[in-house]
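Peer 1: model this:
(2 chains)
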Amino acid sequence: MKCKPCGAEAVIELRRHRAAFCRECFLHHCREQVRRAISSHRMMGHSERVLVAISGGKDSLAVWDVLRDLGYQADGVYLGLGIADYSDASRDYAEKYAAGKGATLHVVDIPTEHGFAIPDAARATKRVPCSACGLSKRHLLNKAALDGGYKVLATGHNLDDEAAVLFGNVMQWQVGYLARQRPVLEETAGFARRVKPLIRLSERETAAYCLLTGIDYIVDECPMAAGNRHLRYKETLNELEIKSPGIKSAFYFQFLERMLPVLDDVADAERDLVGECARCGAPSSAEICAFCKLVEKTAAAS
Amino acid sequence: MQVHLSNPKRVVEVTGPLRVADLMGQLELNRESVLVIRGDTLVTGDVTLNDADDIEIRPVISGGSV
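Peer 2: Numbers count the residues shown, from 1 in each chain, chains lettered A, B, ... in the order given. A predicted model of the protein is given here:
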């Protein structure tokens, strides 16, 4: 198979683009897709400092690498989740990348700094582990961005992540969640701007990007995530994608183009409900924010 | 050829020559969900694999909290 842009031997075929690429043209394609996502959704400017949420996986390391390559002032932050060997290994990959590139990586270890591990919090709050983890990440990553004076918090959410979340929200008609599922969530009081520069790349592309640029990442899945609903949605969408290449990106990008504008009023109404957590001051629609409640319940159970 | 798979980690022996796309079919894998790696680089679906090749099939699906 030949590279569509240059005719050299291809290393990857992207059926939704009806194209195959050699290494060099594929890396150019990845950078171009990120540049287009940033530009078309006005995610950030080159003068703004960006904090990238780093897990040690392919997506977060790929987005950090591409942002640095495109000239953004991007530092990383790694959250230690306390998931036994998996967290230790993930942190090693994050630190190895940062050291190799001379990049700044902040580390926030949840067990050390907040006194609990994610599995403990999940048990204490009777949440599924991914729910306790997501809640903690959203709170602590935002805090890390604000404390560090970063205007923008970038995450490695890719096209598959966004399509799977959209699929789940549509399956249950979670209108509030749909209204907030945006490539950019603008900064508001207590929130850094949150951006998703990888929305135009599938996770097969981010994995290939890491492999072809020599970025070592943790391949194993988080042991707490096995069999979760999000992974099942991804498998379902890939079953559709194999029969109808491009259906996944059409599902997501048509949502952005056609549905999100209809949901602007819902998003505005939800934003109006947000006040401040009486305990930590973080934005919250309840008197005590979900993170403070999680910390309290976990401490009570230990 | 030896084919290395993950989740769970295992090695299976497959007889070549065989196209990558046919290997995917034989192992009942969705090629949207994996990368096929020969040596240190990726290969496309039309490439023919031989008995002497060492192949890694790397899953790309990840996702817990988002």
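Peer 1: what comes up buried for stretch A:29-44?
Peer 2: By neighbour count on 16 or more other C-beta atoms under 10 Å in any protein chain shown, the buried set for stretch A:29-44 is A:29-31, A:33-34, A:37-38, A:41, A:43-44. Just so you know, the C-beta spots here come from the backbone N, C-alpha and C atoms, and that holds for glycine as well.
Peer 1: And stretch A:216-233, by the same measure?
Peer 2: A:217-219, A:221-222, A:224-225, A:228, A:230-231, A:233.
Peer 1: now swap in stretch B:34-41 and tell me
Peer 2: So, applying 16+ other C-beta under 10 Å, buried residues of stretch B:34-41: B:34-38.
Peer 1: now, which of the buried residues of stretch A:216-233 lie within helices?
Peer 2: Judged by DSSP state H, the subset of the buried residues of stretch A:216-233 located in helices is A:230-231, A:233.
Peer 1: where along the chain do the helices fall?
Peer 2: Answering for chain A, as no chain was given. According to DSSP H, the helices that chain A contains are A:23-40, A:58-69, A:84-101, A:110-114, A:118-125, A:129-147, A:159-171, A:175-180, A:203-213, A:229-243, A:247-254, A:264-272, A:290-301.
Peer 1: should've been chain B
Peer 2: B:20-26.
Peer 1: Spell out which parts of it neighbour chain A.
Peer 2: B:6-7, B:30-35, B:37, B:41-47, B:58-66 (C-beta under 8 Å from any C-beta of the partner chain).
Peer 1: where in chain B is pLDDT low?
Peer 2: B:63-66 (pLDDT under 70).
Peer 1: Break down it into its strands, ranges please.
Peer 2: Ranges of strands within chain B are B:2-5, B:10-13, B:18-19, B:34-38, B:41-42, B:48-49, B:54-59, based on DSSP state E.
Peer 1: Give me the longest strand you can find in chain A.
Peer 2: From DSSP E, the single longest strand across chain A is strand A:73-80.
Peer 1: Tell me who's in contact with residue A:170.
Peer 2: The contact partners of residue A:170, taken as C-beta atoms under 8 Å, 6 or more residues apart in numbering or on different chains, are residue A:178.
Peer 1: An error on my part: the question was meant for residue A:254.
Peer 2: So residue A:254 contacts nothing (C-beta under 8 Å, 6+ apart).
Peer 1: measure it to chain B for me?
Peer 2: To chain B, residue A:254 is 19 Å away according to C-beta to the nearest C-beta, to the nearest Å.
Peer 1: Adding pLDDT, write the buried residues of stretch A:29-44 out as TSV.
Peer 2: As requested, the buried residues of stretch A:29-44 are exported to TSV (pLDDT from 0 to 100):
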residue	pLDDT
A:29	98
A:30	98
A:31	98
A:33	98
A:34	98
A:37	98
A:38	98
A:41	98
A:43	98
A:44	98
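Peer 1: Residue A:80 contacts residue A:107, correct?
Peer 2: Yes: under the contact definition of C-beta atoms under 8 Å, residue A:80 touches residue A:107, with a separation of 6.7 Å.
Peer 1: quick revisit: list just the nearest of the buried residues of stretch A:216-233 to chain B.
Peer 2: Nearest to chain B among the buried residues of stretch A:216-233: residue A:225, at 3.3 Å, using C-beta to the nearest C-beta.
Peer 1: In terms of mean pLDDT, which of the helices of chain A ranks lowest?
Peer 2: Of all the helices of chain A, the segment with the smallest mean pLDDT is helix A:264-272, scoring a mean of 91.
Peer 1: Return the list of helices and strands in contact with that helix.
Peer 2: helix A:175-180 (3 or more C-beta pairs under 8 Å, 6 or more residues apart in numbering or on different chains; DSSP states H and E).
Peer 1: Next, report how far the longest strand of chain A is displaced from the centre of its chain.
Peer 2: Remark: strand A:73-80 is offset 12 Å from the chain centroid, using C-alpha atoms, centre = their mean, to the nearest Å.
Peer 1: Show residues contacting it.
Peer 2: A:46, A:48-56, A:60, A:64, A:67-68, A:87, A:90-91, A:94-95, A:98, A:103-112, A:136-137, A:140-141, A:144-145, A:148, A:150, A:154.
Peer 1: by how many degrees do that strand and helix A:129-147 diverge?
Peer 2: 140 degrees (axes from the mean of the first three to the mean of the last three C-alpha atoms, to 10 degrees).
Peer 1: list the contacts for residue B:60?
Peer 2: A:58, A:203-204, A:206-207, B:33-35.
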